[in-house]
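**Q** below are the sequence and a predicted model for it; my questions follow.
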Amino acid sequence: MVKDIIVGANYGFKDWLIQRATAAIMALYTVVLAVYIFCLSPLDYDSWRGIFAGTGLASTAMRFATFLFIVSLTYHAWVGVRDIWMDYVKSTGLRLTLHVLTLLALIGNAGWAVQILWRL
């Protein structure tokens, strides 16, 4: 009896599902943010800051939604770029280096975005 040899990391379906879920979260956030922007009468810095910096339920919800967007964007980018490195970079050492640099950049950018969000 011949057994099938499965190679690779077997990420396929899980990665596909994560990409779709994070894309759906980001699309929904974009629609909600667009509605907020179109509903603001004077589109200036104070009204923009008011979306996130208030103490009410709407500002807290928007801040949480923005945090969820940042996390989704970071994870979406990680899965996509990681798959590119795995598919096209054959040298294990170079691929590992690119993975680490990508993770550092994504985590740094996400941390910076969250810091900006909570500083408002």
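**A** Arrived safely, thanks for sending.

**Q** poorly predicted segments of this protein, please.
**A** 1-11, 120 (pLDDT under 70).

**Q** longest helix of it?
**A** helix 57-88 (DSSP state H).

**Q** continuing past it, what's the next helix or strand?
**A** helix 92-119 (DSSP states H and E).

**Q** and that next one with helix 57-88, angle?
**A** Going by axes from the mean of the first three to the mean of the last three Cα atoms, to 10 degrees, helix 92-119 is angled at 170 degrees with respect to helix 57-88.

**Q** buried residues in helix 92-119?
**A** In terms of neighbour count (16 or more other Cβ atoms under 10 Å), helix 92-119 has its buried residues at 98-99, 102, 106, 110, 113, 117. Placement of C-beta: from N, CA and C, glycine included.

**Q** could you say what helices and strands that helix packs with?
**A** Packing contacts for helix 92-119, counted by 3 or more Cβ pairs under 8 Å, 6 or more residues apart in numbering; DSSP states H and E, involve helix 57-88.

**Q** what distance separates the helix it packs on from the centre of its chain?
**A** 1 Å (Cα atoms, centre = their mean, to the nearest Å).

**Q** what's the answer for stretch 36-44, then?
**A** For stretch 36-44, the distance to the chain centre is 25 Å (Cα atoms, centre = their mean).

**Q** list the buried residues for it?
**A** So, applying 16+ other Cβ under 10 Å, buried residues of stretch 36-44: residue 36.

**Q** can I get that stretch as PDB, trimmed to CA atoms?
**A** The C-alpha coordinates for stretch 36-44 follow below in PDB (Å, rounded to 0.1, in the frame of the first residue of the first chain):
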ATOM      1  CA  TYR A  36     -19.100  58.500  10.200                       C
ATOM      2  CA  ILE A  37     -17.200  60.800   7.900                       C
ATOM      3  CA  PHE A  38     -20.100  61.500   5.600                       C
ATOM      4  CA  CYS A  39     -22.300  62.300   8.600                       C
ATOM      5  CA  LEU A  40     -19.900  64.900  10.000                       C
ATOM      6  CA  SER A  41     -21.000  68.300   9.000                       C
ATOM      7  CA  PRO A  42     -17.700  70.200   9.400                       C
ATOM      8  CA  LEU A  43     -15.000  67.800   8.400                       C
ATOM      9  CA  ASP A  44     -12.100  69.200  10.500                       C
END
